[in-house]
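Q: test case, fold it:
(chains A and B)
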Amino acid sequence: MIDAISAGLLALLTPQAVLFLFLGVIYGLVIGILPGLGGVVAMALLLPFTYGFETAATLALLLGAHIATIWGDSVTSILFSVPGSAKGLALCFDGYPMTKQGKAKRALAASATGALLGGIIGAVFLALCIPLIRPVILALGPSEYLMMALWGLTVIATFSEGSLMKGMTASVLGVLVAFIGTDVVTATPRFTFGNEFLLDGISFPVAMIGLFAVSEMMKMSIRGTPIIDRSLVREDSTVWEGVCDAFHHWWLVVRSSLLGLWIGVLPGVGASVAGLAAYAQAAQTSKTPERFGKGAVEGVIAPDATMGANEGGGLMPTLAFGIPGGESMAILLVAFIGLGIVPGPDMLTKNLDVVFSMVWIIVLANILVTIIGLGITPWLARLPSLQANLMVPMVLSVCFVGAYATRGRIEDVVVAAVFGVVGYLMDKYRYSRANFVIGMVLAVMIERNLHISINLYGADFLLDRPIALAMLIFVVVTAALPFWRERRRKRAALRAGGVA
Amino acid sequence: MSRNAQDNLISVMLIAVFGLVIYLCQDFGPRARLIPLPLAVFGIVLTLAQLAWHNLGRDDAPPIEMISVDTRAITANAEGQPRTERTEEQLGQWGEAGAYLIVALLVGMIFTVGIFPTVFIFTAAYLILTRYCTVVRGLVYSAALTVSVYLLFVVALDMQPYHGLLAAWLS
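A: Okay, here's the model as predicted:
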C-alpha cells in the first residue's frame, strides 16, 4: 500500500501533470463562480481535451477543475446569496448574513479552509477505508436510499423551525415542480400541458438561477442600494480570522468531513444533499443553534468541509464498482474509458497507484484552491459593496446567458424569469426558498427508490429491510429533535421566569 | 391591499395550484400519481391550516423562519435598529412593478434581438438611464461586459448563441 501511495504521488510530479492541475483549478474557479454552471459542466467541457496525455495529468485536469468549482460555488453563495449550483445552497444560510455584517473576508477564508481540511480528511479516510467500504456499499439498496432521501427532507424541519407550515408548503411545491416532465418510472408526461419543452422537466440549475439570482437582483433594483452600504457596515474581519475559525472548530470539521465522505460513497446521493445535511447536523449539534441563519461561522465551515470530503467519497463506488457517486463521477467514468482504465475490484488491487494518484490530486487541488482563494479573498470581499445600478444589469445579463447556456434552449430563459418572480414572491411572503430547493433535489430520488423498493420487496418493504427500518427510526428521531429541544428551551425559560 | 389580504391571496393561489395538481393527477396511472396526488392533498391541508392560523389572529402565529436564505435576517439600519417589514413596503409598489418590468423587458429583448445584443443594449440602457455613469462610460462598460460574456460562453464554453426572432425574420 505504501508503494502505491508513493507511486501515485510520483506520477503527479511531472511538469505536464503539475501544469494540468494548475490549469484545471483556475478553470474550475471561474466556472464555479458563473451562475448555473458547476463541476459537471466544467468536467464535461474538458472531456474532449483529455485524450493523448499522461493518465495522471488528465486526471489532474479533470479532478482539479471539479474540486475548484466547489469553492467557486461557495463564493457567490457567501457574497450574493446566489448559489452557483445546488451544492452551494447551504452556504447562503450563514455565509450571506456574515457578508452583510461586514465579515465577508472571514466567511470566505473559513469556507476555503474548511473545504481544504474536509478534502484532506476525506482523502486520508478514503485511503484508510478502501478495504472496509466495499461490503458496506453492497449492503445498501433502494429502500435505504429512500430513507436517506427522507432524512434529507427532515432537514426542512430544522430550516423551518418557527414557520413550519410555510416551510413545508414550500417543500411540497418544490417536490411537485420536480415532477414536471416525463416520469422516469412510467414514462408518463406529468404537468406538461402538452408542451414539448416541459417533457424534459425543469432544469435544476436554471430554477436555482431564477429563485436566487434573478429574485435577488429584483430586490436590489427595488431597494436601489448595494448589498452592503460601506457607510453603514464596514468590513471589519480578516482572512486570518476565517482560517483560525476552521481550525478552532476542528471537531465540527472532522464530523462534517466524515459525513461528506459517507454521502459521497453512496451512489447517486450527491454533494447538494451532503452540504444541506452537514448544515443540519451543525445546527442540531450546536450548543447555540439560535445563532444559525444569522451569521454563524460554523454554518459556513460545516457544508464546505463536507463538500470537500464528498469528492473523495464519490471516487469510491466509481472506482470499485463502476457506479458513479454522482453526475461528475459519471463524466470521470467516461474519461476512464478514454484512458483505458477499467473500473472494478481490480482498481483496488492491481491499479491501486492510479487510485492513490486521484487521492493525491484531491489533496493537492484543495491546497491550490485554498492558496488562490485566500489570496483573492480581499478583492472578492469588495464585490458586495458595488452599486446596485451597476450590479443589477450585469448580474441579470450573466444570469440569463447562464440559464440559456445550461441546455442551449431559449425556453430556459423564460423558466429563469418565472422562477425569479416566484423566488421574489416566496421571499416577500416568507415561504422558504431553501425548502423549495431541497424538495426539488430529493423528489426524484424519493420517487425512484420508492418504486424500486415496492417492486423488489412489496408494499411492506420495510419489514424485509431491517437497515432501512433502523434508518427510518433515525429519521423520525432527528426530525423530532428540533421540536423537543424547543420544548425543553421553553420549559427552562418558564421555570426561570417562575423562579424569578 | 393590506399585508394580511396579500398573504391570504397567496394562500388561495396555492390552494388553486394544489387543486390543479389533483385534477391533473386524475389522468395519470396509479404509479405515476403515487406521490404527487397525496402530496398535493397534503399541500392543501397545510395551506388551509396556514390560512386558518393566520386569520385567527393568534399572537403566536407562525413566526419567521429561524434559518432562512432570507436577507431580512440580519439587516439593520444606521442606528442599529432591525429593519422592519414596513420599510420594505415603503419602497412602494412602483419599485416592485419596475422590477417585474425589467425582467420582462430583458426576456422580451432576448427573444427579439438575441442574447448578446440584449446584454449590450440592456446594460448600457440601465447604466445610462439610472445615471450611474456618463453615456460614454456606460457604453464602454457594456461593451466590456458583452465581450467578456461572449468570450466565456461562446469561445471558451462553446455555447451556440441564440440570435433572436428579428434575425430569423430578416434572413
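
Q: helix or strand right after the helix or strand encompassing A:Val253?
A: Counting by DSSP states H and E, the element that carries A:Val253 is helix A:250-265. Counting by DSSP H and E, the next helix or strand C-terminal to helix A:250-265 is helix A:271-285.

Q: continuing past that following helix, what's the next helix or strand?
A: Following helix A:271-285 in sequence, per DSSP H and E, is helix A:298-321.

Q: buried sites along the helix or strand following that next one?
A: Using DSSP H and E, the helix or strand that directly follows helix A:298-321 along the chain is helix A:327-339. Buried positions in helix A:327-339, judged by neighbour count with 16 or more other CB atoms under 10 Å in any protein chain shown: A:Glu327, A:Ser328, A:Met329, A:Ala330, A:Ile331, A:Leu332, A:Leu333, A:Ala335, A:Phe336, A:Leu339. All C-beta atoms are positioned from the backbone trio N, CA, C, and that covers glycine.

Q: tell me the residues of the stretch 351-500 of chain A that contact chain B?
A: Residues of the stretch 351-500 of chain A lying near chain B by CB under 8 Å from any CB of the partner chain: A:387, A:389-390, A:392-394, A:396-398, A:400-402, A:404-405, A:408, A:410, A:413-414, A:417, A:420-421, A:424-425, A:427-434, A:443, A:446-447, A:450-451.

Q: test my guess that B:Ala99 contacts A:Glu216.
A: No. Counting by CB atoms under 8 Å, B:Ala99 stays clear of A:Glu216, with 10.9 Å between them.

Q: compare those two (neighbour count), which wins?
A: More neighbours surround A:Glu216 than the other of B:Ala99 and A:Glu216, with 27 against 24 (other CB atoms under 10 Å in any protein chain shown).

Q: and stretch B:35-42 with chain A, contact?
A: Yes. Counting by CB under 8 Å from any CB, chain A is contacted by stretch B:35-42 at B:Ile35, B:Pro36, B:Leu39, B:Ala40, B:Phe42.

Q: for ChimeraX, what selects the buried ones among those residues?
A: Of these, the buried ones can be selected in ChimeraX as follows, counting by 16+ other CB under 10 Å:
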select /B:35,36,39,40
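
Q: can you put the residues of stretch B:35-42 next to chain A in JSON lines and add secondary structure and pLDDT?
A: Formatted as JSON lines, those follow (DSSP: H, G, I helix; E, B strand; the rest coil; pLDDT from 0 to 100):
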{"residue": "B:Ile35", "secondary structure": "coil", "pLDDT": "90"}
{"residue": "B:Pro36", "secondary structure": "helix", "pLDDT": "92"}
{"residue": "B:Leu39", "secondary structure": "helix", "pLDDT": "91"}
{"residue": "B:Ala40", "secondary structure": "helix", "pLDDT": "94"}
{"residue": "B:Phe42", "secondary structure": "helix", "pLDDT": "92"}
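
Q: which one of the residues of stretch B:35-42 next to chain A is nearest to A:Asn195?
A: Nearest to A:Asn195 among the residues of stretch B:35-42 next to chain A, counting by CB to CB, is B:Pro36 at 17.6 Å.

Q: where does the stretch 401-500 of chain A dip in pLDDT?
A: A:482, A:498-500 (pLDDT under 70).

Q: strands of that one, residue ranges please.
A: Counting by DSSP state E, counting those that start in this stretch, one finds no strands in the stretch 401-500 of chain A.

Q: dihedrals phi and psi, A:Thr182?
A: phi -80, psi 130 (degrees, to the nearest 10).

Q: and it, what's its pLDDT?
A: pLDDT recorded at A:Thr182 is 90.

Q: can you check A:Leu21 too?
A: Confidence score, pLDDT, at A:Leu21: 91.

Q: which residue packs closest to it, ignoring adjacent ones?
A: In space, A:Leu21 comes closest to A:Ala60 once its chain neighbours are excluded; the distance is 3.9 Å by CB to CB, 6 or more residues apart in numbering or on different chains.

Q: can you state the direction angle for the strand or helix carrying that neighbour and helix A:271-285?
A: A:Ala60 belongs to helix A:55-80 when assigned by DSSP H and E. Interaxial angle, helix A:55-80 versus helix A:271-285 (axes from the mean of the first three to the mean of the last three CA atoms, to 10 degrees): 50 degrees.

Q: from the contact counts, what lies against whichever helix or strand comes after helix A:55-80?
A: Using DSSP H and E, the helix or strand that directly follows helix A:55-80 along the chain is helix A:89-100. Judged by 3 or more CB pairs under 8 Å, 6 or more residues apart in numbering or on different chains; DSSP states H and E, helix A:89-100 is in contact with helix A:55-80, helix A:104-139, helix A:271-285, helix A:298-321, helix A:433-457.

Q: by mean pLDDT, flag the weakest helix or strand of chain B.
A: One helix or strand of chain B scores below all others by mean pLDDT, DSSP states H and E: helix B:85-90, with a mean of 50.

Q: immediately after that one, which helix or strand?
A: helix B:92-113.

Q: which helices and strands sit right next to that following helix?
A: By 3+ CB pairs under 8 Å, 6+ apart, helix B:92-113 packs against helix A:215-223, helix A:388-407, helix A:411-428, helix B:115-129, helix B:164-170.

Q: mind doing that once more with 10 Å?
A: In terms of contacts (3 or more CB pairs under 10 Å, 6 or more residues apart in numbering or on different chains; DSSP states H and E), helix B:92-113 is packed against helix A:215-223, helix A:388-407, helix A:411-428, helix B:85-90, helix B:115-129, helix B:164-170.

Q: quick one: buried residues of stretch A:248-268?
A: Those would be A:249, A:252-268, for stretch A:248-268 by 16+ other CB under 10 Å.

Q: and those residues near chain B, which?
A: Among the buried residues of stretch A:248-268, no residue is within reach of chain B (CB under 10 Å from any CB of the partner chain).

Q: where in the stretch 51-200 of chain A is pLDDT low?
A: The stretch 51-200 of chain A contains residues with pLDDT under 70 at A:51, A:84-86, A:130-131, A:133-138, A:155-163.

Q: what subset of the residues of the stretch 351-500 of chain A next to chain B is buried?
A: Among these, the ones that count as buried by 16+ other CB under 10 Å are A:387, A:389-390, A:392-394, A:396-398, A:400-402, A:404-405, A:410, A:413-414, A:417, A:420-421, A:424, A:427-428, A:430-434, A:443, A:446-447, A:450-451.

Q: which element is A:Val243 on?
A: Counting by DSSP H and E, A:Val243 is part of helix A:239-248.

Q: show me what from the stretch 1-150 of chain A comes close to chain B.
A: When proximity is defined as CB under 10 Å from any CB, the stretch 1-150 of chain A approaches chain B at A:27, A:30-31, A:34, A:37, A:41-42, A:44-45, A:48, A:77, A:81-83, A:89-90, A:92-94, A:96-101.

Q: is the nearest residue to A:Met445 once chain neighbours are set aside in a helix, a strand, or coil?
A: Nearest non-adjacent residue to A:Met445, counting by CB to CB, 6+ apart: A:Ala149, 4.4 Å away. The three-state label given to A:Ala149 by DSSP: H, G, I helix; E, B strand; the rest coil is helix.

Q: tally of neighbours for A:Ala149?
A: As a burial measure, A:Ala149 scores 23 neighbours (other CB under 10 Å).

Q: the residue nearest to A:Leu21 contacts A:Ser357, correct?
A: Yes. The criterion here is CB atoms under 10 Å, and A:Ala60 meets it with A:Ser357 at 8.3 Å.

Q: any shared contact partners between those two?
A: A:Ala11, A:Leu12, A:Ala17 (CB atoms under 10 Å, 6 or more residues apart in numbering or on different chains).

Q: residues contacting the closest residue to the first one other than its chain neighbours?
A: In this case it means A:Ala11. Leaving aside its chain neighbours, A:Ala11 sits nearest to A:Ala56 (3.9 Å; criterion: CB to CB, 6+ apart). A:Ala56 sits next to A:8-14, A:16-18, A:20-21, A:339, A:353-354, A:357-358, A:360-361 when contact means CB under 10 Å, 6+ apart.
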